[in-house]
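Novice: 3D model of this:
(4 chains)
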There are 2 protein chains.
Amino acid sequence: METPHTLDTGEKPRTYSIRQLSKEFDVTARALRFYEDKGLISPERKGQTRIYSARDRARLQLILRGKRLGFSLVEIHEILDLYTPKDRGAQQIRATLAKYRVQIENLKRQREDLEGAIHDMQNGCAWMEDELKKLENK
Amino acid sequence: METPHTLDTGEKPRTYSIRQLSKEFDVTARALRFYEDKGLISPERKGQTRIYSARDRARLQLILRGKRLGFSLVEIHEILDLYTPKDRGAQQIRATLAKYRVQIENLKRQREDLEGAIHDMQNGCAWMEDELKKLENK
DNA sequence: AGGTAAGTTTACGTTAACGTCAATGTAAAC
DNA sequence: GTTTACATTGACGTTAACGTAAACTTACCT
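Specialist: The predicted structure is shown next:
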């Protein structure tokens, strides 16, 4: 039932409580506060309480994907910085563009690794399936 | 010059010292001993000194690839166990095969993430290149 | 014999990324 | 009005993955 802890009267709730986000993405509230501490997200405050926007949610998704890909929070922070469009001026854009390209190269290298691993294990599967056939035909 | 600290008389050295491996893969000796401590590699001993075989070297490669892909040493240990063929009997093979397939699914999911990230950043690149063109034509 | 270079074990230190209380506040529910 | 549920800020604890320093040993060099 989505527990509308704060009833929204007609308007779609483009905001989220810390619990909503932590439940949706299966992370603890502690983790979310920790990410904030590290400057990865900066939710609004209603008094003391954190109010997460859709943009915060999107950043959280990026954070979690980064984690799944094995990046440290510091690395993720840098990547998020890249995603944050604060640049004006051709010079800045060129600099950011260069960083993007480096990052893309890194990701592609990682993909090579990944595909190598997948390939290896698929070979292993094939071999075992073969072994099983041999054993069955005896 | 490969610094043949221990001269090998004619035979090809299918073994490596701890320094050779650490230099080749740019990891510290401490790390290699640590991996051994955690049961990831088990080099021979000549007295006290560790002697790494080609197989040890191969395992190290797998370890490092696992690290690049963001796996913990415990996870890498499990993966290495999968790679270690100690199974006899169809039942065992079937069990291992199942684990392989699970692992392959995980890797493929990770690849989805990766390609998502690459895609996002390539979009970003395209957008910035576009911006640059606009700025130049002013 | 003395120095240098590589190896060893033991053990304490460090950083990242949270976990786990404790003490407190606030707001809706009974 | 007092539980109940969710929020907050400290502050200390924990685990992983090594780094680093101390105190050797062994082998080769000169």
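Novice: The strand ranked longest in chain A near DNA strand C at all?
Specialist: Across chain A, the longest stretch assigned as strand under DSSP state E is strand A:49-53. No - taking C-beta under 7 Å from any atom of the strand as the criterion, strand A:49-53 and DNA strand C are apart, separated by no less than 8.0 Å. All C-beta atoms are positioned from the backbone trio N, CA, C, and that covers glycine.
Novice: same thing with stretch A:30-39?
Specialist: Yes - with C-beta under 7 Å from any atom of the strand as the criterion, DNA strand C is reached by stretch A:30-39 at A:30, A:31, A:34, A:35, A:38.
Novice: before we move on, back to that, now do the longest strand of chain A: everything it contacts.
Specialist: When contacts are defined by C-beta atoms under 8 Å, 6 or more residues apart in numbering or on different chains, strand A:49-53 is touched by residues A:14-18, A:20-21, A:32-33, A:36, A:41, A:43-45, A:60.
Novice: now swap in stretch A:32-45 and tell me
Specialist: Residues outside stretch A:32-45 that contact it (C-beta under 8 Å, 6+ apart) are A:15, A:18, A:21-22, A:50-53, A:56, A:59-60, A:63, A:73, A:76-77, A:80.
Novice: So which of these sit within strands?
Specialist: Per DSSP E, those map to strands at A:15, A:50, A:51, A:52, A:53.
Novice: would you list those in a markdown table and tack on pLDDT and neighbour count?
Specialist: Formatted as a markdown table, the ones in strands among the contacts of stretch A:32-45 follow (pLDDT from 0 to 100; neighbours: other C-beta atoms under 10 Å in any protein chain shown):
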| residue | pLDDT | neighbour count |
| --- | --- | --- |
| A:15 | 94 | 18 |
| A:50 | 97 | 21 |
| A:51 | 97 | 15 |
| A:52 | 97 | 22 |
| A:53 | 96 | 15 |
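Novice: re the thing from before, now the longest strand of chain A, how far from the centre of its chain.
Specialist: In terms of C-alpha atoms, centre = their mean, to the nearest Å, the centre of strand A:49-53 is found 19 Å from the chain centre.
Novice: quick one: average pLDDT of the helix or strand hosting residue A:98?
Specialist: Secondary-structure assignment from DSSP states H and E places residue A:98 in helix A:90-136. Regarding helix A:90-136, the rounded mean pLDDT is 95.
Novice: Equivalent analysis for stretch A:29-37, please.
Specialist: Averaging pLDDT along stretch A:29-37 gives 98.
Novice: buried stuff in it?
Specialist: Using 16 or more other C-beta atoms under 10 Å in any protein chain shown as the test for burial, stretch A:29-37 gives A:31, A:32, A:35, A:36.
Novice: and the last one, how far is that from residue A:81?
Specialist: This points to residue A:36. Using C-beta to C-beta, to the nearest Å, we find residue A:36 at a distance of 16 Å from residue A:81.
Novice: and if you look at the second one?
Specialist: Note on residue A:32: its distance to residue A:81, by C-beta to C-beta, is 19 Å.
Novice: domains of chain A?
Specialist: Per automatic domain parsing, the domain ranges recorded for chain A read A:11-71, A:85-138.
Novice: tell me how far the longest one is from the chain's mean position?
Specialist: Relative to the centre of its chain, domain A:11-71 is centred 11 Å away, using C-alpha atoms, centre = their mean.
Novice: Max pairwise distance over the contacts of strand A:49-53: which two?
Specialist: Taking C-beta to C-beta as the measure, the contacts of strand A:49-53 span a maximum distance of 21.2 Å, between A:14 and A:33.
Novice: quick one, what contacts the closest residue to chain B within chain A?
Specialist: Per C-beta to the nearest C-beta, residue A:70 is where chain A lies closest to chain B, at 1.8 Å. Residue A:70 is in contact with B:68, B:69, B:70, B:71, counting by C-beta under 8 Å, 6+ apart.
Novice: Confirm it sits in a strand?
Specialist: No - looking at residue A:70 with DSSP: H, G, I helix; E, B strand; the rest coil, it is coil, so not inside a strand.
Novice: Could you report the pLDDT at it?
Specialist: Looking at residue A:70, its pLDDT is 97.
Novice: picking up where we left off before, from the contacts of stretch A:32-45, which are also near DNA strand D?
Specialist: Okay, of these touching DNA strand D (C-beta under 7 Å from any atom of the strand), that's A:18, A:50.
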